[in-house]
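*Asks:* I need the structure of the sequence given here:
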Amino acid sequence: MVEQLDTVFHALADPTRRAMVRTLAAGERTVTELASPHPISLAAASKHVKVLERAGIVRRTVLGRRHVCRLEPRPLAAASDHLRFYERFWNDRLDALEAFVDPEESR
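*Replies:* Next comes the predicted model:
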């Protein structure tokens, strides 16, 4: 599980790959369509997609010369669950800070 989270967070560390994931959230796209909004070659876009595939975030289907990609939400859900723990932690800490700074407000 931790190794997969490492792979997911590594894949999402790159802004181009995050943009590709956001685009795929709207539906299937070809690698060419994923590459088009970015100043990168088709080969570079394909490498980005391979990183997303290794993380399990994207599934690619080859239809002739077209490589169609779709989003696989399960690894993203696992990453979100992991981050949710820290969200609760920081919310609790911020609530404690607020109570310390302004005791009247926290009543």
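
*Asks:* Can you mark which positions in the strand or helix carrying Arg93 are buried?
*Replies:* Assigned by DSSP states H and E, Arg93 belongs to helix 73-101. Judged by neighbour count using 16 or more other CB atoms under 10 Å, the buried positions of helix 73-101 are Pro75, Leu76, Ala79. C-beta coordinates here come from the backbone N, C-alpha and C atoms, glycine included.

*Asks:* quick one: contacts for the first one?
*Replies:* Okay, so that is Pro75. Gln4, Val8, Ala55, Gly56, Ile57 (CB atoms under 8 Å, 6 or more residues apart in numbering).

*Asks:* and which of those is nearest to Leu94?
*Replies:* The closest of the contacts of Pro75 to Leu94 turns out to be Val8 (CB to CB; 26.5 Å).

*Asks:* Tabulate the buried residues of helix 73-101 (TSV), appending distance to Arg22.
*Replies:* Shown next, in TSV, are those (distance: CB to CB, whole Å):
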residue	distance to Arg22
Pro75	15
Leu76	11
Ala79	15
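
*Asks:* out of those, who's nearest Pro39?
*Replies:* Within the buried residues of helix 73-101, distances to Pro39 taken as CB to CB reach their minimum at Leu76, with 25.7 Å.

*Asks:* Val58 is in contact with the closest one, correct?
*Replies:* No - using CB atoms under 8 Å, Leu76 and Val58 do not qualify as a contacting pair, with a distance of 10.4 Å.

*Asks:* If we ignore the residues flanking it in sequence, what's nearest the residue positioned nearest the centre of the chain?
*Replies:* For the chain, Leu12 is the residue whose C-alpha lies nearest the centre (CA atoms, centre = their mean; 4.7 Å). The shortest distance from Leu12 to any residue that is not its chain neighbour, by CB to CB, 6 or more residues apart in numbering, is 5.6 Å, and that residue is Arg18.
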